[in-house]
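1. fold the following and give me the result.
(chains A, B, C and D)
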Number of protein chains: 2
Amino acid sequence: MALEIRPSQALKLWRQVHLDLVKDSDADLSARQTAILLTIYLELPPHTVRGLAQQLGVTKPVITRALDTMGKLGLVTRRRDEFDKRNVVIQRTVAGALAVERLADLIVQRSRELGPG
Amino acid sequence: MALEIRPSQALKLWRQVHLDLVKDSDADLSARQTAILLTIYLELPPHTVRGLAQQLGVTKPVITRALDTMGKLGLVTRRRDEFDKRNVVIQRTVAGALAVERLADLIVQRSRELGPG
DNA sequence: CCCGATCGTTACGGACCCGTATCATTATCG
DNA sequence: CGATAATGATACGGGTCCGTAACGATCGGG
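-> Below you'll find the model as predicted:
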């Protein structure tokens, strides 16, 4: 069931999707922000600042700032954990789910256009 | 011959590779830099600042700065075009080729680990 | 009840990147 | 030649991000 992709195909796909992302300037997320966003939307909740920081191997302020930025874009929301008010629970949004879906479609679309090379 | 990948697989692959890139902090390239680097190494030379700017849909200073940064990292080199000294020809380097190769291997490796999901 | 531990956030100084505008250099054409 | 065009680099003001360090709020064990 493993995906069969050759190195040259992988690079072409990577380049083309990045070109698309750069041209659709609205989705100007860094590599870290991308990893954070996809972790939130692919991994099981709940997600906390500390948990994300550990998964990414970065410091907590990096997560806080990324959440600030993505919050402005409407991609995620934060809510205080009522049972432990020190914690903050990161929540998904409709806009974020749509953005992730669009990214998936973009990758799928571009992968379909790959030649045998 | 088209690559068959499902949206959920595409997202898992995208997330995992980005996680790897973030943790291997040395390769801290932005989306634009990634697009530029892969364009230089996948498309036929010669590459110029203006040409890259057009392909990416960005302004020339973006390319100049990206080449500065990638030059410091040893990923590319610049050389004056002897036949038209206004032009600068961007050249590949061994280190850059190796970095691109490692990226390709990373994507291939992570794609092999994808489940049917 | 209080003190330490833990959580997320913020302050700070420094670095990078952006787009616009401008510049020096070089080529081209009248 | 001289004027115009084109190329890449640079200056600038503004924004974002980084890691370290410190902070307030909250929990929990003694």
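2. what's the helix or strand for A:Thr77?
-> Per DSSP states H and E: A:Thr77 is located in strand A:76-80.
3. what mean pLDDT does that strand have?
-> For strand A:76-80, the mean pLDDT works out to 95.
4. same question, stretch A:103-117
-> pLDDT averaged over stretch A:103-117 gives 92.
5. hmm, who's touching stretch A:60-79?
-> Applying C-beta atoms under 8 Å, 6 or more residues apart in numbering or on different chains, the set of residues contacting stretch A:60-79 from outside is A:29, A:32-33, A:36-37, A:40, A:49-50, A:52-53, A:56, A:88-93, A:95-96, A:99. Heads up, the C-betas are built off the backbone N, CA and C, glycines and all.
6. 6 Å instead, please
-> Residues from elsewhere that reach stretch A:60-79 (C-beta atoms under 6 Å, 6 or more residues apart in numbering or on different chains): A:33, A:36, A:49, A:52-53, A:88-91, A:93, A:95-96, A:99.
7. mark which of those residues are buried, thanks.
-> Burial by neighbour count, 16 or more other C-beta atoms under 10 Å in any protein chain shown: within the contacts of stretch A:60-79 this picks out A:Gln33, A:Ile36, A:Val49, A:Leu52, A:Ala53, A:Val88, A:Val89, A:Ile90, A:Thr93, A:Gly96, A:Ala99.
8. can you report how many residues lie near A:Leu37?
-> 25 (other C-beta atoms under 10 Å in any protein chain shown).
9. same check, this time on A:Asn87
-> Counted with other C-beta under 10 Å, residues neighbouring A:Asn87 total 15.
10. contacting residues for it?
-> Contacts for A:Asn87 (C-beta under 6 Å, 6+ apart) come out as A:Thr48, A:Asp81.
11. equivalent analysis for A:Ala53, please.
-> Counted by C-beta under 6 Å, 6+ apart, A:Ala53 has contacts A:Lys60, A:Ile63.
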